[in-house]
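1. sharing a sequence plus its predicted fold:
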Amino acid sequence: MPLPRLLIAMSKDTLVIDIETKNFFTDVGRDNFDAIDISVVGVYSYLRDEERCFGEHELGELAAWIEGTGRIVGFSINRYDIPILNRYVPTNLWSIERFDILDEIERVMGERISLNRLAKTNLGVGKNGHGSQAISLYQEGKIEELKAYCLQDVKVTKGLYDLLCAQKYLLVPNRASGELLRWECSPFQKLLV
C-alpha cells in the first residue's frame, strides 16, 4: 500500500528489509557476525513504492536507498539483518529508527514466533521455504530463485507491517495451545510510516 503523496512529501523513506547470507552461524560460530557474508538483500521502499533485490555486487546502490531512510522495518532485524548489513553500508544502521516486528511481539507476548506462522495466520500466505534453503540456492548458483525467495520474505513482512498499521494489532498463535492471541502494538505511533 503506497503512502499518500502528502505524507511522502513530509517524511523520510521507510524500508522493509530482509537479507540472505552465504553462510550461517553453524558454519562460523554463534554470534560471529563478522564472518557471515551477504548474498542478497531484499528491500521495499514506501517512498518509491518499489521492491528490489540487491545482489552482493549491488550493495553500493542499496547504500543510496538507505541514505534517505528514516525507518527500517523487518522481522528479527535487530538480532540478525542489521548487525550483518551494517558492515556493508557506510550509514550506521543502528542510528536509524527500526521497527522489528519479532522483537516487539516478544517484548509484549514473552515468546517468539516464526515469520511463516505469523504471516499465514494474519495474511493467509507465508514464506517460500526456510532460511537454510537460501544458503543452498546461493551455493547452487540459483541467484534468481534466491532473489525471489528473499523478496517473498519482504512481501510478507511488509504485509504484516501494513496490516498492523491499518488495524493496530496482529493475531499471534500461542506456541503451546495454538490459541489466537491479539497483539496490539503500543504505542501505535511507533508504527506510522
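-> Noted; the coordinates are in hand.
2. just the CA coordinates of stretch 82-93, formatted as CSV?
-> C-alpha atoms of stretch 82-93 as CSV (Å, rounded to 0.1, in the frame of the first residue of the first chain):
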residue,chain,number,x,y,z
ILE,A,82,21.2,-5.1,11.0
PRO,A,83,24.4,-6.5,12.6
ILE,A,84,25.4,-8.2,9.3
LEU,A,85,24.2,-5.5,6.9
ASN,A,86,25.9,-2.7,8.9
ARG,A,87,29.3,-4.0,7.8
TYR,A,88,28.3,-3.4,4.1
VAL,A,89,26.9,0.1,4.1
PRO,A,90,28.5,3.5,5.0
THR,A,91,25.5,4.5,7.1
ASN,A,92,25.4,3.3,10.7
LEU,A,93,22.1,1.4,10.6
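3. most centrally placed residue in the protein?
-> residue 74 (2.7 Å; CA atoms, centre = their mean).
4. ok, it touching residue 17?
-> Yes - if you go by CB atoms under 8 Å, residue 74 and residue 17 touch, sitting 5.0 Å apart. Bear in mind the C-beta positions are built from the backbone N, C-alpha and C, glycine included.
5. which residues do these two both contact?
-> Residues touching both residue 74 and residue 17 (CB atoms under 8 Å, 6 or more residues apart in numbering): residue 81.
6. rewinding a little: if I pick the residue nearest to the centre of the chain, what's in contact with it?
-> By CB under 8 Å, 6+ apart, the residues touching residue 74 are 16, 17, 18, 81, 82, 98, 99, 100, 101, 157.
7. next up, phi/psi of it, please.
-> phi -170, psi -170 (degrees, to the nearest 10).
8. could you do residue 37 as well?
-> Per-residue torsions, residue 37: phi -110, psi 140 (degrees, to the nearest 10).
9. which residue is the nearest non-sequential neighbour of it?
-> Spatial nearest neighbour of residue 37, chain neighbours left out: residue 22 (4.4 Å); criterion: CB to CB, 6 or more residues apart in numbering.
10. distance of that neighbour from residue 141?
-> Applying CB to CB, to the nearest Å, the value for residue 22 to residue 141 is 12 Å.
11. swap in residue 13?
-> Residue 13 is 32 Å from residue 141, where distance means CB to CB.
12. the two: which is more packed in?
-> Ranked by neighbour count (other CB atoms under 10 Å), residue 13 and residue 141 place residue 13 first, with 19 against 9.
13. residue contacts, the more buried one?
-> The contact partners of residue 13, taken as CB under 8 Å, 6+ apart, are 45, 46, 47, 48, 65, 68, 69, 70, 71.
14. if anything else comes up later, I'll come back, but that's it for now.
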